[in-house]
Structure formats: C-alpha cells, structure tokens
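K.L.:
predicted model and sequence follow; I will ask about them next.
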Amino acid sequence: MIPLLHRLEPHECELIINSSQQVDVKKGDNVYSEGDPANKLYFIKKGKIKNIKRIGKGKELILFTRKEQDCFGEIGLFSGLTYTNTAVAMEKSSLYVLEKEWVEKLVTDNGRMGLKFTRWVAESLEASNAKIRDYIAFGSEGAIAAVFIRYSNMYGIVTKEGIRITEPIMLRDVSKHIGISRETVSRVVNMWKSQGVLSSENKYFLINDLSYFQRLLSCETCSIENCTL
C-alpha cells in the first residue's frame with residue numbers, strides 16, 4: 001500500500017509538517033496505549049511502528065505495521081473517543097504529531113488532500129479485511145503463508161532462486177501476526193523447507209516457490225498493492 005505522504009503533493013506535506021510537532025521515540029516505547037484519548041494522528045518521518053492488541057498476559061496480536069512516510073492513529077481518531085490498540089516503536093523513530101483539530105481543519109480546507117486521505121483509509125480497511133480472510137479462511141498453513149507473502153510484497157526482491165526477503169523474520173513475530181503458537185509456525189516452516197518451498201539463512205528467508213503460496217490462498221483474486229502487513 002502506498003504510504004500516505006507519498007500520495008500528497010509537496011505543498012500538502014508542508015502543510016502537515018508545519019501544523020505538527022515532531023517527537024522522537026525509542027525502540028520498544030509506546031507511542032500511545034489502548035484506552036488513551038484518541039486525539040492525535042501520527043506521520044512517520046523515520047522508523048517503523050507496529051499496532052498491537054494485547055490478548056492476555058504477555059501475549060499480543062500484531063494488527064499492522066507502518067513504515068516511513070506513512071501514517072497511523074486513524075483507528076479511533078474518527079470513530080471513537082479512545083484508541084482501541086497500542087502503537088509501539090519497532091526501532092528508533094521520529095514522528096510528526098498532528099492534533100485532531102488540525103487534522104479536521106486540513107481535511108476540510110483542502111478537498112484534494114481530504115480525498116487522498118479518504119482513499120488511503122479505504123485501502124487500509126481493504127488490507128485489513130484481506131488479512132482477516134487469509135488468516136481465518138485457510139487454516140494455520142494458509143495464515144502463515146499469508147504473512148510470508150506480505151513480507152515478500154513489502155521487502156522482497158526477485159532473484160533467479162526466488163523471492164529474497166530483505167527483512168529478517170522472527171518466527172515469534174509471524175505467530176504474533178496471526179495469533180497462533182510459535183511451535184505451529186516452526187512446524188509449518190520446516191515442512192515447507194523439506195518440500196523446497198522455502199529456505200533461510202540467519203533469519204533471512206527465500207521463497208523458492210511463490211506459486212505454492214499463491215495457490216494456497218487463491219491470490220489471483222487479490223490486489224497485491226494492499227497485501228501488506
């Protein structure tokens with residue numbers, strides 16, 4: 001999915017920057033927590049953020065991740081009084097923070113910007129719906145395959161051996177995306193390795209047979225642009 005700031009004209013980005021406050025957050029710090037007042041929208045100047053739902057003691061479900069030039073905090077900002085998830089910095093990050101009143105003013109006063117923002121929100125919802133389908137409808141193997149496909153769409157490069165994912169993947173993080181045990185993820189990944197579908201070296205994975213995943217998930221019916229984490 002195209003990051004929100006990449007969709008805007010330079011003068012529109014300037015409006016956002018000039019109306020916002022820049023803050024820095026350390027890796028592992030919460031930007032906001034579930035239950036906090038939903039009164040700010042965040043744009044990522046540098047870094048990476050994950051939005052999570054805590055589902056028990058020591059357990060979390062990763063709802064989505066956002067990278068540089070993208071935005072988060074929209075869930076709750078327009079639909080409720082408090083945030084329904086927690087935003088955590090995956091690495092040291094710099095953010096532009098825009099108060100809700102300024103978001104409403106910018107969208108109201110700048111129709112083209114408002115339309116771009118609306119389209120971005122709609123695509124975000126479409127991506128979330130696709131995740132729910134893939135994570136639920138195709139069993140554990142399909143859910144794990146869906147995560148690897150999304151990694152390949154975001155961080156993959158085409159080589160003669162297959163799709164090389166340039167971002168290291170921890171199996172426990174895969175399990176957090178789909179809410180199943182790390183042991184199940186490990187069992188399925190090892191099965192794929194024995195079948196030649198997947199290979200890895202030091203947490204960097206190579207998808208040797210992307211078509212296997214695509215057949216598993218009926219990918220021909222989906223849009224790759226919104227098939228992201």
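P.N.:
Structure's in. What do you need?
K.L.:
and this structure, what are its domains?
P.N.:
When the chain is parsed into structural domains using automatic domain parsing, the resulting residue ranges are 4-129, 138-226.
K.L.:
low pLDDT regions in the chain?
P.N.:
Scanning the chain for pLDDT under 70 picks out 220-226.
K.L.:
now do the contacts for the residue nearest the centre of the chain.
P.N.:
Taking C-alpha atoms, centre = their mean as the criterion, Thr65 is the residue nearest the geometric centre of the chain, at 2.7 Å. By C-beta atoms under 8 Å, 6 or more residues apart in numbering, the contact set of Thr65 is 48-51, 90, 229. (Glycine included, C-beta is placed from N, CA and C.)
K.L.:
what about 7 Å?
P.N.:
For Thr65, the set of contacting residues under the criterion of C-beta atoms under 7 Å, 6 or more residues apart in numbering consists of 48-50, 229.
K.L.:
could you look up the SS state of Val88?
P.N.:
Three-state call for Val88 (DSSP: H, G, I helix; E, B strand; the rest coil): strand.
K.L.:
so it sits against Lys50, correct?
P.N.:
Yes. With contacts defined as C-beta atoms under 7 Å, Val88 counts as touching Lys50 at a distance of 5.4 Å.
K.L.:
can you count the residues close to the nearest residue to Leu4 once chain neighbours are set aside?
P.N.:
The shortest distance from Leu4 to any non-neighbouring residue, by C-beta to C-beta, 6 or more residues apart in numbering, is to Cys71 (4.3 Å). Other residues lying near Cys71 total 23 when counted by other C-beta atoms under 10 Å.
K.L.:
need phi/psi at Cys71.
P.N.:
Reported as degrees, to the nearest 10, the phi and psi values for Cys71 are phi -140, psi 150.
K.L.:
measure it to Ser19 for me?
P.N.:
14 Å (C-beta to C-beta, to the nearest Å).
K.L.:
what of Leu63?
P.N.:
The gap separating Leu63 from Ser19 is 27 Å, by C-beta to C-beta.
K.L.:
more neighbours, those two?
P.N.:
Between Leu63 and Ser19, counted using other C-beta under 10 Å, the more crowded position is Leu63 (18 against 15).
K.L.:
that one should be in a strand, yeah?
P.N.:
Yes. Residue assignment for Leu63, taken from three-state DSSP, places it within a strand.
K.L.:
ignoring the adjacent residues along the chain, who's closest to it?
P.N.:
In space, not counting the residues next to it along the chain, Leu63 is nearest to Asn51; the distance is 4.6 Å by C-beta to C-beta, 6+ apart.
K.L.:
just give me the neighbour total for Gly196.
P.N.:
Residue neighbour count, defined by other C-beta under 10 Å, stands at 11 for Gly196.
K.L.:
residues near the closest residue to it other than its chain neighbours, how many?
P.N.:
Ranked by C-beta to C-beta, 6+ apart and with sequence neighbours excluded, the top spatial neighbour of Gly196 is Asn208, at 5.7 Å. Counted with other C-beta under 10 Å, the neighbours of Asn208 add up to 16.
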